[in-house]
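J.: could you work out the structure for the sequence below:
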Amino acid sequence: MAETSASRPASTILLLRDGAGVDGKSRDEIEVFMMVRHHQIEFNSGALVFPGGSVDAGDKEIVARSNLYSGGEGLSEADRGFRIAAIRETFEESGILLARSKETGAPVDAKRAGEIADAHRVALNEHKVSFMSILADNGLQLALDTLVPYAHWITPEGMPKRFDTWFFLAVAPPDQLGAHDGRESTDSIWVSPREAVEGGESGRFKLPFPTTRNLIRLATQPNVSAALEHARGMSIVTVMPVMTKTETGRQLRIPREAGYDGEVFEVGALG
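T.: A predicted model of the protein is given here:
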């Protein structure tokens, strides 16, 4: 039997906004920001995913600097690390920044976020500058309380690359539209969960299994405020799928109490 690798802590954010109808009025359908992973990326290449990635050493350094974030009261160091990584990865991959002015406490607006992204995002992605220094030099505090825990998934045992991932919901800051970085991701879209799932079924999109399940769950909510209220009231059950090979392909079993409308899922033929 192949030796199981340890799972790496990781985070991802489902950035949400209420959809706009053809007349410009809000419609009863959420939109979520998603990106297409670069085809040369080792993990989930070519897949449509939410922004996110691994918790790194720099995130843990920020945990120790409580002046660089707000809204972390009552959270463990590990929980703060997951949220900091989620916000950093989202900024790296999309340019969207969930932060406040340290001086005024006001959320960073789209104009300021764009200026910070233009000045630092490329260097950050090239590891020429740290996220901690960007925050300190620009008088920013990460807004940890804007993230609402939504799901917790761990890659199945036996896989060569495994992640222990927290999914968070967050309202996209007004007018921060996001743009892919051209490195880890090659395209980005605002899409309704329903359309994304339909795209996965039709072959328009390549969707990882956890992404699909969370999109289906999100699609049951009529708007952003309802989705956040639902998430705050949930009891989150950790999901580590158990994979079984069948005559027709693969089967994944997850806890029914995790709230994904099922326990056993067929996930396609073995390729």
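J.: now L218: phi and psi?
T.: Backbone torsions of L218, given as degrees, to the nearest 10, read phi -60, psi -30.
J.: list the contacts for it?
T.: L14, I30, V32, P193, A227 (Cβ atoms under 8 Å, 6 or more residues apart in numbering). All C-beta atoms are positioned from the backbone trio N, CA, C, and that covers glycine.
J.: please state the offset of the host helix or strand of H120 from the chain centre?
T.: Per DSSP states H and E: H120 is located in helix 110-125. Distance of helix 110-125 from the chain centroid (Cα atoms, centre = their mean, to the nearest Å) equals 19 Å.
J.: immediately after it, which helix or strand?
T.: For helix 110-125, the following helix or strand on the C-terminal side (DSSP H and E) is helix 131-137.
J.: does anything pack onto that following helix? Which helices or strands?
T.: The criterion is 3 or more Cβ pairs under 8 Å, 6 or more residues apart in numbering; DSSP states H and E, and the helices and strands that helix 131-137 contacts are helix 57-63, helix 110-125, strand 140-143.
J.: just checking: what are the partner strands of the helix or strand harbouring L14?
T.: If you go by DSSP H and E, L14 is part of strand 7-20. If you go by DSSP bridges, strand 7-20 pairs up with strand 26-37 (antiparallel), strand 52-54 (antiparallel), strand 162-171 (parallel).
J.: residues contacting the shortest one, please?
T.: Right, the one you point to is strand 52-54. Contacts of strand 52-54 (Cβ under 8 Å, 6+ apart): 8-13, 85-86, 89-90, 92-93, 163, 165.
J.: any stretches of this protein with poor pLDDT?
T.: Applying pLDDT under 70 to the chain flags the ranges 1-4, 21-28, 37-46, 179-186, 269-271.
J.: mind checking the longest helix of it?
T.: Selection of the longest helix in the chain by residue count, based on DSSP state H, yields helix 77-94.
J.: I figured D261 hits I216, correct?
T.: Yes. Applying Cβ atoms under 8 Å, one finds D261 in contact with I216, separated by 7.2 Å.
J.: show me which of the two is the more surrounded one.
T.: Per other Cβ atoms under 10 Å, whichever of D261 and I216 has more neighbours is I216, with 17 against 11.
J.: assign the nearest residue to the more buried one once chain neighbours are set aside to helix, strand or coil.
T.: Leaving aside its chain neighbours, I216 sits nearest to V197 (5.8 Å; criterion: Cβ to Cβ, 6 or more residues apart in numbering). With DSSP: H, G, I helix; E, B strand; the rest coil as the basis, V197 sits in helix.
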